[in-house]
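Asks: The sequence and its predicted three-dimensional model are supplied below.
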Amino acid sequence: MVDEPILVLAATGGQGRAVTEALLARGAGVRALVRDPARGAARELADRGAEVVAGSLSDRVSLAAAMRGVAAVFAFTTPFEAGPEAEVAQGRAILAAAHEQRVPHLVFSSVAGADQESGVPHFDSKARIEAELVSGDVPYTILGPTYFYDNALGGAERILGGALDLPLPSDRPLQQLDRADLGAFAAEVLLNPGPYAGHRIELASDAPTPADMAAALGTALGRQVRHVPVPLAAVGDPDMHAMWTFLNGPGYQVDIPALHDAHPGISWTGFTDWARRTFAGAR
């Protein structure tokens, strides 16, 4: 176990929270960067022993202060608040701070498919950050999550009403990831960086089709759920339209059996188990 804390950026967000949970479960010291330490989620982390510090993904000064004296950093960027160019600016601020503080190892959460020239804006912005990370002098590992299971929760009301809306054919597999599996994998990399340094690793827990997903959700709820194919033309957001076009085309390319065989210590939660756990009590 490392003596210095591990810094987790955006520690109360979906990915940051999963990584923080996994690190705390393994007894690691965690420094959690959040926007507002007074918020409930941040106070909860402090109550559990994390060192909570205030900062912004786009503020190099606060990032550098948070990175001082850490063993490693889990880094995350987002285009979904101010756009892809703002995400690239976040990445540059993070990399500049990591260079300034001579961070021993930075784990960057990108996205699976960012290296495929997909034309998806939020994939391409992460690819630009990856390129700058690789060409720099900060030791790194890049993780590429696929589609998260809990993206389905954006349509939870429709699911509870018996419909799973997805812009895919019913028999098209969609590689997906449980956030808890991302957290466990990232924690392993952060605590044992040697085998992973300089590598880019894409992550997926399962690859159910929309029909499989609907069946699993129906079993979890105890009533029928059917897949409703959404026409691509109905996806109005340009970024999301590009993503679903990519997922209907080449899609993610994770070799799931090889990944799971190489990392048997990760639980690799199947979609059926996730659905059962997530919708327990919703019958």
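Replies: Arrived safely. None of these values were measured; they are calculated from a predicted model.
Asks: what are the ranges of the strands in the stretch 101-250 of the chain?
Replies: Assigned by DSSP state E, counting those that start in this stretch, the stretch 101-250 of the chain shows strands spanning 106-109, 140-145, 147-148, 163-166, 176-177, 200-203, 226-229.
Asks: With mean neighbour count added, can I get those in CSV?
Replies: For glycine as for every other residue, the C-beta is placed from the backbone atoms N, C-alpha and C. Converted to CSV, the strands of the stretch 101-250 of the chain look like this (neighbours: other Cβ atoms under 10 Å):
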stretch, mean neighbour count
strand 106-109, 25
strand 140-145, 24
strand 147-148, 20
strand 163-166, 18
strand 176-177, 26
strand 200-203, 20
strand 226-229, 16
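Asks: Ok, which of those strands comes nearest P257?
Replies: Judged by Cβ to Cβ, the one of those that comes nearest to P257 is strand 200-203, at 13.5 Å.
Asks: pLDDT on that closest one, on average?
Replies: Strand 200-203 carries an average pLDDT of 98.
Asks: From the rest of the structure, what touches that strand?
Replies: Residues outside strand 200-203 that contact it (Cβ atoms under 8 Å, 6 or more residues apart in numbering) are 110, 112-113, 115, 130, 141-146, 177, 181-182, 185, 252-254, 259.
Asks: So what are the sheet partners of that strand and their directions?
Replies: Strand 200-203 sits in its sheet next to strand 140-145 (parallel), going by DSSP bridges.
Asks: Show me the shaky parts of this protein.
Replies: Scanning the chain for pLDDT under 70 picks out 1, 283.
Asks: Give me the longest helix you can find in it.
Replies: In the chain, assigned by DSSP state H, the helix with the most residues is helix 84-100.
Asks: dump the residue contacts of A96.
Replies: 60, 64.
Asks: now do 10 Å
Replies: Going by Cβ atoms under 10 Å, 6 or more residues apart in numbering, A96 touches 60, 63-64, 132, 136, 138.
Asks: buried residues in stretch 43-57?
Replies: Residues 45, 50, 52-53, 55-57 are the ones in stretch 43-57 that count as buried (16 or more other Cβ atoms under 10 Å).
Asks: Strands - which of those residues land there?
Replies: 52-53 (DSSP state E).
Asks: Looking at the buried residues of stretch 43-57, which are in helices?
Replies: Among the buried residues of stretch 43-57, the ones falling in helices (DSSP H) are L45.
Asks: wait, which of the buried residues of stretch 43-57 is closest to V34?
Replies: The closest of those, once distances to V34 are taken by Cβ to Cβ, is V52, at 6.1 Å.
Asks: Show me what that closest one is bridged to.
Replies: Beta-bridge partners recorded for V52 (DSSP bridges): A32.
Asks: Please list all residues in contact with it.
Replies: V52 is in contact with 11-12, 30-34, 36-39, 41-46, counting by Cβ under 10 Å, 6+ apart.
Asks: if you set the cut-off to 7 Å instead, what comes out?
Replies: 32, 34, 37, 42, 45-46 (Cβ atoms under 7 Å, 6 or more residues apart in numbering).
Asks: hmm, back to that, and the longest helix of the chain, what's buried?
Replies: Buried residues in helix 84-100 (16+ other Cβ under 10 Å): 84, 86-98.
Asks: Dig out what I6 forms beta bridges with.
Replies: Beta bridges link I6 to V30, A72, judged by DSSP bridges.
Asks: which ones are touching it?
Replies: Shown in contact with I6 (Cβ under 7 Å, 6+ apart): 23, 28-31, 70-72, 190.
Asks: What of P169?
Replies: Contacts for P169 (Cβ under 7 Å, 6+ apart) come out as P229.
Asks: by contact count, what packs against the helix or strand hosting L23?
Replies: Here L23, judged by DSSP states H and E, is contained in helix 14-25. Where contact means 3 or more Cβ pairs under 7 Å, 6 or more residues apart in numbering; DSSP states H and E, helix 14-25 is packed against strand 6-8, strand 30-34, strand 72-76, helix 179-191.
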